[in-house]
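Chemist: need coordinates for the below:
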Amino acid sequence: MALGSNSTFDAMCCCHTTHAFPCSWFLHLFFSNPSLKYFGHPRLTHSVANSLLTPNDGITETLTAQLAEKIGQGAWRMWFDHAAIDVADNQMTVTTDSKFAADWISRRYQGVLDEVAQQRTGKPAHIAHRITESDHCISMRSDDPLPERSVSESAPRRTGQRRYHRLDELVVGPSNRLAWTAAKALVEDPDARHMSPLFVYGACGVGKTHLLQGICEHYRRMHPGEPIRYVTGEAFTNEYIQAVRHNQLDRFRKAMRRLQLLAIDDIHFVQGKTRTQDEILHTLDTIQLQGARLVLASDAPPSEIRRFNSSLVSRLTSGMLACIEAPDPDLRRSVVERIATARGLHLDPSTINDIVERCPDSVRQIHGLIARITAVRTASRVEGVVGRADVTAASQATDPRPCRVTLNAVIEATCSTLQLETSDLKGRGRAAETVLARGVISLLARELTTASYPEIAAAMNRRTHSTVHAAERRMQTAIRNETTCRIAGETLLVEVLVGRIQRMVTRSTRQY
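Modeler: Next up is the predicted model:
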């Protein structure tokens, strides 16, 4: 196998501290409808039908599926999973979270966008590209006007700016009642400071982010004028690194340590990051001594998060720990009914039960399935009561089962496709196919798994995680430059190869 002439796979690059595939913020817009928020903050998903951006716009819902069919699901996931598409009058607006993504879509897919837009509107449409900021953190003062949606300042606004999830919009049941009660008490009860820090943990899609944002929103309404902050563990890490690099650490600390409420989501992201953990520990100690409230969320309790220093674990377990379990059938049934009512869908009892049975693990699955039902009915121009046949058709469009991709699954699929042994990855060899494999693994592991850079490096026996940063950046450059490679005598674009391996990983994980 040989790489194409434009390849840069033998180059060594500098570190890159941000995730190459950020959370699909347009899904956040979809679930930010005030009447649709029950659990969780939607994360990256690879269901095309789940990528519906305006739930009341049938044209947009069908359009997204048509685009995915024309350009292929691999390219769709890579470039349009980070974009919002809106159609109004004779204009299609594609909103992305970076200039790089906007330029790539404009250069590669402008013709397809023109074609699909004209098919849907019946006349030529203008294609506009906009850029919005990343959706990693929300920072606000509680006397500011409450934002509603995260959109760029230059983009047309329908319902205002970013909006927090609210506590009173959370469907409460046995699985989350303890966490919800603790959250209410932390905000409303002046004597509940002993519950701080409140540490919420549970699996993906059960409502941790909803709860944290609900606490922030509720606190700002009850305590106008006090500074509060919601931030992810990744955003905290990146801000801290930038502050160190630009000699602005004092400014960073002053901003963090003046807060009256600090909420850190996905705190497990800082595992293995010693200096960031130390900074978080000192920040928590300082603001808690000042009487501030702290709330954090993770997918595991502090004692089970690997490579957390003992001092931080001790601090995080000194307050209230609350586990959110998977929703029970009654709670899922209530969520289905509320979502259906909000979207104007009429479901018979057997259909509701069918949806509840098909989505056993999280409310996010329910959101996705109902989104697909809406898309299928819109595309088929079907009206009336939603029946079980509609649920079956929507389920066949995309497998709704959770796809829990592991780092080992990515490594195995990559080695199988490139005809390598795992020992080749862990060795010191730099043959072209080995370097390519490391790059693909670095890229897909960051997209499909929750593995951190150090974990990916360890899995490939690399000495430092900077090699993973470099490999990931090389792959991004190769995709951007349309670099080719040869696999078993076949010449492929690197982008096509990555998409092929990604589909293999997804299929094997679901079968497992």
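
Chemist: backbone phi and psi for P197, please?
Modeler: Backbone dihedrals for P197, given as degrees, to the nearest 10, come out at phi -80, psi 140.

Chemist: would you enumerate the residues in contact with the residue nearest to it when sequence neighbours are not counted?
Modeler: Using C-beta to C-beta, 6 or more residues apart in numbering and skipping the chain neighbours, the partner closest in space to P197 is L294 (3.7 Å). Any C-beta I mention is one placed from the backbone N, CA and C, and that applies to glycine too. Each residue near L294 by C-beta atoms under 8 Å, 6 or more residues apart in numbering is listed here: S196, P197, L198, L261, L262, A263, L284, I287, Q288, G319.

Chemist: just the helices in the stretch 201-350 of the chain please.
Modeler: 208-222, 233-245, 249-257, 274-289, 310-316, 329-342, 349-358 (DSSP state H, counting those that start in this stretch).

Chemist: what number of residues lie near E421?
Modeler: Using other C-beta atoms under 10 Å, E421 has 10 neighbouring residues.

Chemist: next one: G427
Modeler: The burial count for G427: 13, using other C-beta under 10 Å.

Chemist: R275 now?
Modeler: 12.

Chemist: any regions of this structure where pLDDT drops low?
Modeler: 1-62, 73-74, 77-78, 81-82, 97-100, 132-163, 396-404, 507-512 (pLDDT under 70).

Chemist: so V94 is in which element?
Modeler: In this assignment (DSSP states H and E), V94 forms part of strand 91-96.

Chemist: just how off-centre is that strand within its chain?
Modeler: With C-alpha atoms, centre = their mean, to the nearest Å as the basis, strand 91-96 stands 20 Å off its chain's centre.

Chemist: cool, stretch 296-307 as well?
Modeler: Worked out by C-alpha atoms, centre = their mean, stretch 296-307 lies 19 Å from the chain centre.

Chemist: buried stuff in it?
Modeler: Applying a neighbour-count criterion of 16 or more other C-beta atoms under 10 Å, one finds L296, A297, S298, D299, A300, P301, P302, I305 buried in stretch 296-307.

Chemist: now, which of those residues sits nearest L407?
Modeler: Among the buried residues of stretch 296-307, D299 lies closest to L407 (C-beta to C-beta), at 15.2 Å.

Chemist: give the bridge partners for the residue nearest to P197, please.
Modeler: Bridge pairing for L294 (DSSP bridges) gives the partners L262.

Chemist: tell me how far it lies from T317.
Modeler: 12 Å (C-beta to C-beta, to the nearest Å).

Chemist: got the contacts of L294 as JSON lines, with distance to P224 columns?
Modeler: As requested, these are exported to JSON lines (distance: C-beta to C-beta, whole Å):
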{"residue": "S196", "distance to P224": "20"}
{"residue": "P197", "distance to P224": "23"}
{"residue": "L198", "distance to P224": "22"}
{"residue": "L261", "distance to P224": "13"}
{"residue": "L262", "distance to P224": "18"}
{"residue": "A263", "distance to P224": "18"}
{"residue": "L284", "distance to P224": "25"}
{"residue": "I287", "distance to P224": "19"}
{"residue": "Q288", "distance to P224": "22"}
{"residue": "G319", "distance to P224": "25"}
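
Chemist: quick one, which of those are buried?
Modeler: S196, P197, L198, L261, L262, A263, L284, I287, Q288, G319.

Chemist: ok, of those, which one's closest to L444?
Modeler: A263 (30.4 Å).

Chemist: which ones are touching that closest one?
Modeler: L212, Q213, I215, C216, I228, R229, Y230, V231, L294, V295, L296, A297.

Chemist: for V200, see how far away the second one is.
Modeler: So the one you mean is Q213. Distance from Q213 to V200, counting by C-beta to C-beta: 12 Å.

Chemist: same deal with the third one?
Modeler: Separation of I215 from V200 (C-beta to C-beta): 9 Å.

Chemist: now do the shared contacts for those two.
Modeler: Joint contacts of I215 and V200 (C-beta under 8 Å, 6+ apart) are A183, V295.

Chemist: who has more neighbours, the two?
Modeler: Comparing I215 with V200 by neighbour count (other C-beta under 10 Å), the higher total belongs to V200, at 29 against 26.
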